[in-house]
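Novice: Mind looking at a prediction? Sequence and model below.
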Amino acid sequence: ETGVTQSPTHLIKTRGQQVTLRCSSQSGHNTVSWYQQALGQGPQFIFQYYREEENGRGNFPPRFSGLQFPNYSSELNVNALELDDSALYLCASSHAGARGYNEQFFGPGTRLTVL
Amino acid sequence: QKEVEQNSGPLSVPEGAIASLNCTYSDRGSQSFFWYRQYSGKSPELIMFIYSNGDKEDGRFTAQLNKASQYVSLLIRDSQPSDSATYLCAVNRGAGANSKLTFGKGITLSVRP
């Protein structure tokens, strides 16, 4: 069974630029959630993708957007980067099945630094 | 009031002791509860989840849930230095495809050899 993978591992961008982060979900999972974790804080929910559509969004501006592909992999795009966007970006995959209490498993994360 | 609160840390216990980590939540509609462990520089790793009142045991870990009092706790028995990490409590209000985790800030546990 393949776990959740993310790329790239690290990224350095300058303010105003755009960035795309990628995530491959765990085998058998159909839902991908994205989180932002600032230093010393818990992860904050950005949005979730299910069946290639956004299915719930946290308190993040529209310049945070995403996609989910037919193979359930996903992208997170951030436009007009700000210094405060520097954080660890985590992708979590899960299976939205009949049981309902679906556990979310995290990938290794992408560390984004905005200068 | 924060949605998910974890008691202030850091927490330090001697090797072999029981570590008790607590978490309270504000949304009475929350349905399932998760504990993640996060080593420094790494991503969160799922330890346990619980959704019914009472205790759930898995090896040295026991999760306890009290929905009436809106708290969930994690007990680590026979603590080992390898348990030293930040422990994140997460609460899920939804279910199925509407699951969204709300995390606490985390509590750092240090197990002294």
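Specialist: That came in fine, so what should we check first?

Novice: Which helix or strand contains the most centrally placed residue in chain A?
Specialist: Nearest residue to the geometric centre of chain A (Cα atoms, centre = their mean): A:Trp34, 2.9 Å. Here A:Trp34, judged by DSSP states H and E, is contained in strand A:31-37.

Novice: Partner strands of the helix or strand following that strand and their direction?
Specialist: Along the chain past strand A:31-37, the next helix or strand (assigned with DSSP H and E) turns out to be strand A:44-50. When sheet partners are counted by DSSP bridges, strand A:44-50 sits next to strand A:31-37 (antiparallel), strand A:53-57 (antiparallel).

Novice: Same question for B:Ser79, what's its three-state structure.
Specialist: Three-state assignment for B:Ser79 (DSSP: H, G, I helix; E, B strand; the rest coil): coil.

Novice: Do you know the pLDDT at A:Gln68?
Specialist: The predicted local confidence for A:Gln68 comes out at a pLDDT of 96.

Novice: do the same with the one 4 residues further on
Specialist: According to the per-residue confidence, A:Tyr72 scores 92 in pLDDT.

Novice: Ok, B:Gly29 next?
Specialist: You'll see B:Gly29 listed with a pLDDT of 86.

Novice: Looking at the strands paired with strand A:44-50, which one is packed in the most?
Specialist: Among the strands paired with strand A:44-50, the stretch with the highest mean neighbour count (mean count of other Cβ atoms under 10 Å in any protein chain shown) is strand A:31-37, at a mean of 26. The C-beta positions use only the backbone N, C-alpha and C, and glycine is treated the same way.

Novice: in chain A, which segments are predicted with low confidence?
Specialist: Counting by pLDDT under 70, chain A has low-confidence residues at A:1, A:97-101.

Novice: How many neighbouring residues does whichever residue of chain A sits closest to chain B have?
Specialist: Of all residues in chain A, A:Gly42 sits closest to chain B, with a separation of 3.3 Å (Cβ to the nearest Cβ). Number of residues near A:Gly42 (other Cβ atoms under 10 Å in any protein chain shown) recorded here: 22.

Novice: Which residue comes closest to it once chain neighbours are left out?
Specialist: What sits nearest to A:Gly42 in space, not counting adjacent residues and going by Cβ to Cβ, 6 or more residues apart in numbering or on different chains, is B:Phe103, at 3.3 Å.

Novice: thinking the one you found is in contact with B:Leu88, fair?
Specialist: Yes - counting by Cβ atoms under 8 Å, B:Phe103 sits close enough to B:Leu88 to count as a contact (5.4 Å).

Novice: overlap in contacts of the two?
Specialist: Counting by Cβ atoms under 8 Å, 6 or more residues apart in numbering or on different chains, the residues touching both B:Phe103 and B:Leu88 are A:Gly42, A:Pro43, B:Tyr36.

Novice: Can you tell me which of these lies closest to A:Leu81?
Specialist: A:Pro43 (19.3 Å; Cβ to Cβ).

Novice: What separation is there between that closest one and B:Lys56?
Specialist: For A:Pro43, the distance to B:Lys56 under the criterion Cβ to Cβ, to the nearest Å works out to 23 Å.

Novice: check contacts around the residue of chain A closest to chain B.
Specialist: B:Val4, B:Leu88, B:Ala90, B:Phe103, B:Gly104, B:Lys105, B:Gly106.

Novice: so of those, which ones are in strands?
Specialist: Counting by DSSP state E, the part of those found in strands is B:Val4, B:Leu88, B:Ala90, B:Phe103.
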